[in-house]
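Asker: Build me a model from this:
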Amino acid sequence: MSVRRNASLNSTGPCGARPTNLVVMGQEITDSRFTDSAFAEFRRRLDVETGLLRDWMAQGRLRSNERRFGFEVEAWLIDADARPAACNQAFLAALEDPLVVPELAQFNFEINSVPRHLEPGALDVMHRALAERWRHCEQAASALGARPVLTGILPTVRSGDLSLDHMSPLQRYRAINEQVFRLRHGAPIELDIDGVEQLHHRHADVMLEAATTSLQIHVQVDADEAARAFNVCKMISAITVGAAANSPYLFERQLWAETRIPLFEQAVDVGASDYSKRVTFGVRYAQDSILECFEANRTRYPVILPDLMDTPAEELAHLRLHNGTIWRWNRPLIGFDDAGRPHCRIEHRVIAAGPTPRDAIANCALFLGLFEAFMRASGPIESLLSFAVARDNFYAAARLGLDAPLRWVDGAVYTLCDLLASQLLDTAAGGLSAAGLGNAEIARWLDVIRGRVERNATGADWQVAWIARHGRDFRGLVDAYVRHQADNTPVHEWSLT
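Answerer: The predicted model follows:
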């Protein structure tokens with residue numbers, strides 16, 4: 001049984017926290033092979049740390065009187081032929097930026113933001129920082145004969161690209177692959193997506209996950225409001241996933257507007273019940289406390305990375321590591337500030353990467369505006385939209401994008417496009433205004449979403465329209481996408497040339 005010290009738990013992540021996000025992106029481990037005694041000891045420590053978190057919440061230790069937000073955005077590296085370029089190690093070495101880190105595949109990387117208070121100027125500052133960092137990424141990639149791309153699924157990726165040969169060389173990636181297939185008793189992943197076209201595919205490892213690149217928004221909340229925040233994020237997931245849809249193709253098949261959703265859910269499926277799916281929208285709202293999610297982690301989800309760390313129980317290292325192997329579309333996280341004080345945040349994981357830095361910050365603005373508006377509404381807002389309806393809305397929007405029919409809080413059914421135009425853009429503007437942002441900044445970012453709505457033109461819509469005009473030239477599609485992306489012009493303004 002190996003026990004290790006985990007220095008990475010002391011580094012800074014989104015919202016000024018030690019990294020608590022998806023484990024395959026943050027915490028390295030020492031070995032991918034584990035003994036039965038390691039599993040038993042890890043489960044014991046998980047029980048202890050969950051009990052400690054329960055006590056802290058009862059004592060009111062996870063207080064926050066400020067709203068901070070941050071994000072992570074994943075990207076691709078491609079070569080001159082618009083195919084995945086497995087060179088992220090050389091790329092990262094050339095870039096020398098601690099906020100840009102490796103991802104699961106050698107042709108992926110991730111950009112992290114510096115957390116900000118949600119206050120006047122915050123969205124503009126976030127955009128300037130992301131746009132500048134993206135220019136540095138373009139320069140570093142160009143020196144290697146590669147190009148970076150922000151997109152949900154690269155249209156030119158092939159099954160053969162998604163292999164262990166292209167996995168980034170870190171033990172945590174190997175371990176997740178081995179443990180997922182241990183739980184599957186060695187059975188291959190069965191991918192079955194019924195969209196505009198159909199895709200049936202068998203895969204022998206978890207590398208299908210590497211095809212799903214996203215924008216993940218973190219928002220810090222007080223523990224007392226975390227259950228409501230978790231539920232609000234579920235309620236608005238249909239809005240954000242559909243308005244930001246950017247993944248219509250996989251293996252040259254047109255599937256869902258946001259094919260990332262079924263792809264990721266199936267890519268690490270361990271064949272368990274709905275309660276134990278590793279990628280999930282969930283089975284209900286939180287009832288009384290966000291602690292319910294961590295209790296479910298402890299009792300319903302098998303441990304897949306029993307890495308034993310020589311850290312005090314008060315760091316919650318094992319609880320956080322285990323939580324990082326359960327990829328809820330809206331995931332509660334526990335972090336610590338620089339003074340060691342614990343806090344809670346919600347990670348909203350449904351939005352696709354891209355198409356541009358400007359689009360990404362507009363997507364953040366839509367999410368944050370709706371989040372603030374719903375959090376500030378009076379009464380138990382969950383009673384206005386049942387969990388079952390929120391779930392059905394989410395999958396409808398992932399499948400159909402802006403054309404999805406959604407049942408909303410008034411009981412009526414609208415297309416997502418009409419719902420945004422008639423109600424929700426104004427709701428988001430009101431939420432951002434209540435948080436203190438000025439009218440000009442609010443308009444600057446929500447007008448990007450408004451433009452998509454008026455032209456019915458998400459990234460997914462643009463890709464489908466380009467293929468309809470030019471034929472099934474996926475290399476040409478990616479080349480055109482990269483040209484437009486380089487200008488940082490919002491996708492609804494892109495031509496089909």
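
Asker: where along the stretch 1-150 of the chain do the helices fall?
Answerer: Using DSSP state H, counting those that start in this stretch, the helices of the stretch 1-150 of the chain run over residues 36-59, 88-95, 122-143.

Asker: Let me see the residues that make contact with the first one.
Answerer: Outside helix 36-59, the residues that touch it by Cβ atoms under 8 Å, 6 or more residues apart in numbering are 1-2, 62, 223, 289-291, 294-295, 297-298, 303, 306-308, 313-314, 316-319, 322, 334, 342. All C-beta spots, glycine's among them, are computed from the backbone N, C-alpha and C.

Asker: out of these, which are buried?
Answerer: Applying 16 or more other Cβ atoms under 10 Å to these, the neighbour count classes 62, 223, 289-291, 294, 297-298, 303, 306-308, 316-319, 322, 334, 342 as buried.

Asker: quick one: least confident helix or strand in this protein?
Answerer: Taking mean pLDDT, DSSP states H and E as the measure, the helix or strand of the chain with the lowest value is strand 3-4, at a mean of 40.

Asker: and stretch 224-236, how far from the chain's centre?
Answerer: Between the mean C-alpha location of stretch 224-236 and the chain-wide mean there is a distance of 16 Å, by Cα atoms, centre = their mean, to the nearest Å.

Asker: May I have it exported as PDB, CA atoms only?
Answerer: The C-alpha coordinates for stretch 224-236 follow below in PDB (Å, rounded to 0.1, in the frame of the first residue of the first chain):
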ATOM      1  CA  ASP A 224     -26.100  27.600   2.900                       C
ATOM      2  CA  GLU A 225     -27.100  28.500  -0.600                       C
ATOM      3  CA  ALA A 226     -25.200  25.700  -2.400                       C
ATOM      4  CA  ALA A 227     -28.100  23.300  -2.700                       C
ATOM      5  CA  ARG A 228     -30.200  26.100  -4.400                       C
ATOM      6  CA  ALA A 229     -27.200  27.000  -6.600                       C
ATOM      7  CA  PHE A 230     -26.800  23.300  -7.600                       C
ATOM      8  CA  ASN A 231     -30.500  23.100  -8.500                       C
ATOM      9  CA  VAL A 232     -30.400  26.400 -10.400                       C
ATOM     10  CA  CYS A 233     -27.500  25.200 -12.500                       C
ATOM     11  CA  LYS A 234     -29.500  22.200 -13.400                       C
ATOM     12  CA  MET A 235     -32.500  24.300 -14.300                       C
ATOM     13  CA  ILE A 236     -30.600  26.500 -16.700                       C
END
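
Asker: so Thr259 sits right up against Ile193, yeah?
Answerer: Yes. Judged on Cβ atoms under 8 Å, Thr259 makes contact with Ile193 at a distance of 6.6 Å.

Asker: any residues in contact with both of the two?
Answerer: With contacts taken as Cβ under 8 Å, 6+ apart, Thr259 and Ile193 have Leu250 as neighbours in common.

Asker: low-confidence ranges in this protein?
Answerer: By pLDDT under 70, the weakly predicted segments of the chain are 1-32, 272-276.

Asker: at 80 what do you get?
Answerer: Of all residues in the chain, those with pLDDT under 80 make up the ranges 1-33, 65, 271-276.

Asker: Helices of the stretch 351-497 of the chain, residue ranges please.
Answerer: Along the stretch 351-497 of the chain, counting by DSSP H, counting those that start in this stretch, helices occupy 357-376, 387-400, 416-419, 425-434, 439-455, 459-470, 474-486.

Asker: Can you tell me which of those is packed in deepest?
Answerer: Burial among the helices of the stretch 351-497 of the chain, expressed as mean neighbours by mean count of other Cβ atoms under 10 Å, is greatest for helix 357-376, which shows a mean of 25.
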